[in-house]
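S.K.: when you get a sec, could you give me coordinates for this:
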Amino acid sequence: MADGRVDFELVSPEALLLSEEVEMVVVPGDEGDFGVLPGHAPMISTIRAGVIHVFAGGSVQKRIFVAGGFAEVTPERCTVLAEEAMVVGEIDRDAVEQELKDLSEDADDAADETEREISRARLQVARAKLKAIEEPLYQ
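M.R.: Just a heads-up that it's a prediction; the model follows:
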C-alpha cells in the first residue's frame, strides 16, 4: 500500500473484478454510505444495492453498481464481496425499465407471500440500478 492510499478489492461470485490502490472508496452500507481511507477502523458491514464510488486524483474515477453483499475494512484494505456487480455506464436503462415492469407484475401475481417477497427484493435492486444511472451522487 502506497502512502495515502488504501487497497481496494471487489469480488463477485464469478471473479475478482477490481484490485487496486485508491485514495478513497465509498461503499453503500446497509446503515448508510461509508467512506474508507487509509487508517480506517476495522469493521465488517453488510451492503445494500447501490453504487461504490472509487476515488483517485481527487475525484470519482469509477462507479460500480453492486446488488448487495459484505464489506470488510482494515486500516490498509477494503474488500467488498458483492452478490452482483457491474460498471454503472454499462447498465442498459431500457432493460432495467422492462425489468421493473416485469418484476412489478410478478409481485402482483405472486402465488404466495414468499414469491411476493422475492419479487419485492428484486424490485429494490432494479430500482437501485435505475437510481445509479440517474443520480451520480459524487462527481
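S.K.: list the contacts for the residue most central in space within the chain?
M.R.: Closest to where the C-alpha atoms of the chain average out (CA atoms, centre = their mean) is residue 66, at 2.7 Å. The contact partners of residue 66, by CB atoms under 8 Å, 6 or more residues apart in numbering, come to 10, 28, 47, 49-52, 80, 82-85. C-beta here means a position set from N, CA and C on the backbone, and glycine is covered the same way.
S.K.: hmm, try it at 6 Å
M.R.: Going by CB atoms under 6 Å, 6 or more residues apart in numbering, residue 66 touches 52, 82, 85.
S.K.: over to residue 43?
M.R.: Contacts for residue 43 (CB under 6 Å, 6+ apart) come out as residue 73.
S.K.: follow-up on the earlier one: how far away is the residue nearest to the centre of the chain from residue 46?
M.R.: Taking CB to CB, to the nearest Å as the measure, residue 66 falls 11 Å from residue 46.
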